[in-house]
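Asker: How does the following fold in three dimensions:
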Amino acid sequence: MINFFRRIRHKLIQESQFFKYLKYAIGEIILVVLGILIALQINNWNENQKKELKTINDLLNLKEALNDDIASIDSNLIFNKTRLRGIFYILKHSGLNTQTFIEMKWVDISKNEIENRIWKGSFPDTLNREFTDLAFSLLGRGFGGVAINKTVINELNSTGSFSNIQNANLKKKIGNYYSFLNQRLEGYAIEEHEEWANETTRFLRDNYGIFTLDVSYLKDPIASLKNKRDVEYQLRYLALEVNYHCIWSIEAKEKASDLVRLIDEEVKRLKN
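Answerer: Okay, the predicted model is just below:
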């Protein structure tokens, strides 16, 4: 093809057909420019396709991480709802105030979760030695049981790939979700909850000789707490901390579930 154009060009020059040659030269330049523009367009299209495929893959990985979060939050919620039920159980059978604080919303602990691996079946209303031992053992347990999978979001931020997500609403909600986790289920918030749990276990140990992790050595661990108002204060405040954690966990789960839905919609849009 190149030799063909070269022969035409030589023929025109030899025949002194200057204007025809000029038109031909311009036409050749236009063809070259068009070829370059088409090649650039194809290259840009290929690059956009690669970027789009990577964004889809990143979003699917993020969705998987969010589903990990949801499973972890569910497990942690079951644990803390059982702990909260145990606190009110101890209060009730110690003849102490079991009224919830009306200033805030309280998580529903009226029924046990089917998936509960800590306590099977319905929560007991009457004294039950096995549940008594469990209730005391859960008092001082930590709050940091929610394992947040940040591997994907950290990678997206460190590589700059997060900016490839074009859906502004989705990006905003992703940022809000991890910001909420940082404020409510990590760091200072968890430390504050855990400090009161530790304070409660120290209080029961130092004032009533109750080592909460194992009360099996006591014939009736609740008997010594009967009508003790200082115990009421400790347990009701711990109940407040546990409830806050449950409410925030439920909100985090809702945010994660909403993100999973938005990611599915965005991936579907990108594939189309």
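Asker: Not counting its neighbours along the chain, what's nearest residue 264?
Answerer: Excluding the flanking residues, the one nearest residue 264 by C-beta to C-beta, 6 or more residues apart in numbering is residue 63, at 7.3 Å. (Each C-beta comes from the backbone N, C-alpha and C, glycine too.)
Asker: was I right about the one you found contacting residue 262?
Answerer: No - using C-beta atoms under 8 Å, residue 63 makes no contact with residue 262, being 9.6 Å away.
Asker: ok, how many other residues are close to the residue nearest to residue 264?
Answerer: Counted with other C-beta atoms under 10 Å, the neighbours of residue 63 add up to 20.
Asker: who touches it in this structure?
Answerer: 259, 260, 263, 264 (C-beta atoms under 8 Å, 6 or more residues apart in numbering).
Asker: Kindly format the C-alpha coordinates of stretch 227-243 as CSV.
Answerer: Written as CSV, here are the backbone C-alpha positions of stretch 227-243 (Å, rounded to 0.1, in the frame of the first residue of the first chain):
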residue,chain,number,x,y,z
ASN,A,227,-31.5,-5.2,96.8
LYS,A,228,-27.9,-3.7,96.5
ARG,A,229,-28.3,-0.3,94.9
ASP,A,230,-24.7,0.0,94.1
VAL,A,231,-24.9,-3.1,92.0
GLU,A,232,-28.0,-1.7,90.3
TYR,A,233,-26.0,1.4,89.3
GLN,A,234,-23.1,-0.7,87.9
LEU,A,235,-25.3,-3.1,86.0
ARG,A,236,-27.7,-0.6,84.6
TYR,A,237,-24.9,1.6,83.3
LEU,A,238,-23.2,-1.5,81.7
ALA,A,239,-26.6,-2.3,80.1
LEU,A,240,-26.6,1.2,78.7
GLU,A,241,-23.1,0.7,77.2
VAL,A,242,-24.1,-2.7,75.7
ASN,A,243,-27.3,-1.3,74.2
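Asker: which residues are contacting that stretch?
Answerer: 80, 83-84, 87-88, 90-91, 94-97, 100-101, 104, 106-107, 139, 143, 192-193, 196-197, 199-200, 203-204, 207-208, 225.
Asker: again, only using 6 Å
Answerer: 80, 83-84, 87, 91, 95-97, 106-107, 193, 196, 200, 203, 225 (C-beta atoms under 6 Å, 6 or more residues apart in numbering).
Asker: Lowest-confidence one in these?
Answerer: Among the contacts of stretch 227-243, residue 193 has the lowest pLDDT, at 87.
Asker: Show me what the strand or helix carrying it is packed against.
Answerer: Residue 193 is part of helix 188-208 when elements are defined by DSSP states H and E. Contact here means 3 or more C-beta pairs under 6 Å, 6 or more residues apart in numbering; DSSP states H and E; on that basis helix 188-208 packs against helix 229-271.
Asker: Tell me what angle the helix it packs on forms with helix 188-208.
Answerer: Interaxial angle, helix 229-271 versus helix 188-208 (axes from the mean of the first three to the mean of the last three C-alpha atoms, to 10 degrees): 160 degrees.
Asker: mind listing the helices for the protein?
Answerer: 2-14, 18-93, 129-139, 151-159, 168-184, 188-208, 229-271 (DSSP state H).
Asker: To residue 221, which of those lies closest?
Answerer: helix 129-139 (6.0 Å; C-beta to C-beta).
Asker: Okay, now the unreliable bits of this protein?
Answerer: 1-25, 39-40, 42-49 (pLDDT under 70).
Asker: Buried ones among the contacts of residue 63?
Answerer: Neighbour counting by 16 or more other C-beta atoms under 10 Å classes 259, 260, 263 among these as buried.
Asker: List the buried residues of stretch 94-104.
Answerer: 94, 96, 98.
Asker: Turn these into CSV, including distance to residue 254.
Answerer: Converted to CSV, the buried residues of stretch 94-104 look like this (distance: C-beta to C-beta, whole Å):
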residue, distance to residue 254
94, 35
96, 33
98, 28
